[in-house]
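Asks: Provide a 3D model corresponding to the input given below.
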Amino acid sequence: LGWSLVAIPLALLFPGRTGIRLGRRVITFGFRTYLCILELSGIVECDLHELDRLGGERSLIIAPNHPSLIDVVLIVSRLPNAACIIKANLWDQLILGGSARLAGYIRNVSQARLILDATREIRAGSQLLVFPEGTRTKGNDIQPFKGGFALIAKRAHAPVQMVFIEINHPFLCKGCSLLKKPEFPLVFRVRLGERFPPPDEIRPYVVRLEQY
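Replies: Below you'll find the predicted structure:
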């Protein structure tokens, strides 16, 4: 909340890419610090080093599976140039809205607007974080992929980097009660998958990546 309040005037003082770089780096620092505290406390163990290989790359779509509540935290803690898609109601909140606006995150108000904004952000050099399932995975079965990420990849002429998030316990998964204490530590591991070039046709591309 404190950073979001500070970010609101900073967005006016540092418009454009300067403010965006600042906003994203602060969020990355905050997320990395948060995970470090959790690791020191023995609550979680994280193996995220493979993401460091993507740190300097531009104009890329990052497409992970979505097993837990903190997947965004895991990815963004290592990628300071990541652009996230945020629900409109969260964007409008005081707690998250200021920091999201400063970081140039994409407000999801409609699919058409989302595709335009995401394409523009990728062409500006950002890494777009998008979950192809569109929601958290329930159980071990991948949900059907949505086609929006493929359309963005086609419009922006951007490759799609598949990412695998592995966990040892369903505590933060969809449908699992947060009141049921798990065995600690929770272990999170992120692996890089194959990178796919931009699609020519949307539907076969979506099916191919979902099968992969």
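Asks: The biggest strand by length in the chain pairs with which strands, and in what direction?
Replies: Using DSSP state E, we find that the single longest strand of the chain is strand 186-196. Applying DSSP bridges, strand 186-196 is found paired with strand 44-47 (parallel), strand 160-167 (antiparallel).
Asks: low-scoring stretches of the chain, by residue?
Replies: Residue ranges of the chain with pLDDT under 70: 139.
Asks: show me where it has helices.
Replies: 2-13, 17-40, 71-76, 88-91, 94-102, 111-123, 148-156, 202-211 (DSSP state H).
Asks: Go through those helices and name the closest to residue 56.
Replies: helix 17-40 (13.7 Å; Cβ to Cβ). For glycine as for every other residue, the C-beta is placed from the backbone atoms N, C-alpha and C.
Asks: Output the contacting helices and strands for the closest one.
Replies: helix 2-13, strand 44-47, helix 71-76, strand 82-87, helix 94-102 (3 or more Cβ pairs under 8 Å, 6 or more residues apart in numbering; DSSP states H and E).
Asks: out of those, nearest to residue 176?
Replies: helix 71-76 (14.3 Å).
Asks: still on that earlier bit, need the helices of the chain in CSV (columns: distance to residue 132 and mean neighbour count).
Replies: Below are the helices of the chain laid out as CSV (distance: least, Cβ to Cβ, whole Å; neighbours: other Cβ atoms under 10 Å):
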stretch, distance to residue 132, mean neighbour count
helix 2-13, 29, 14
helix 17-40, 22, 16
helix 71-76, 12, 22
helix 88-91, 20, 13
helix 94-102, 22, 20
helix 111-123, 13, 17
helix 148-156, 5, 22
helix 202-211, 7, 15
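Asks: Present those helices as TSV; the columns should include distance to residue 190.
Replies: Formatted as TSV, these follow (distance: least, Cβ to Cβ, whole Å):
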stretch	distance to residue 190
helix 2-13	25
helix 17-40	12
helix 71-76	6
helix 88-91	24
helix 94-102	23
helix 111-123	21
helix 148-156	18
helix 202-211	18
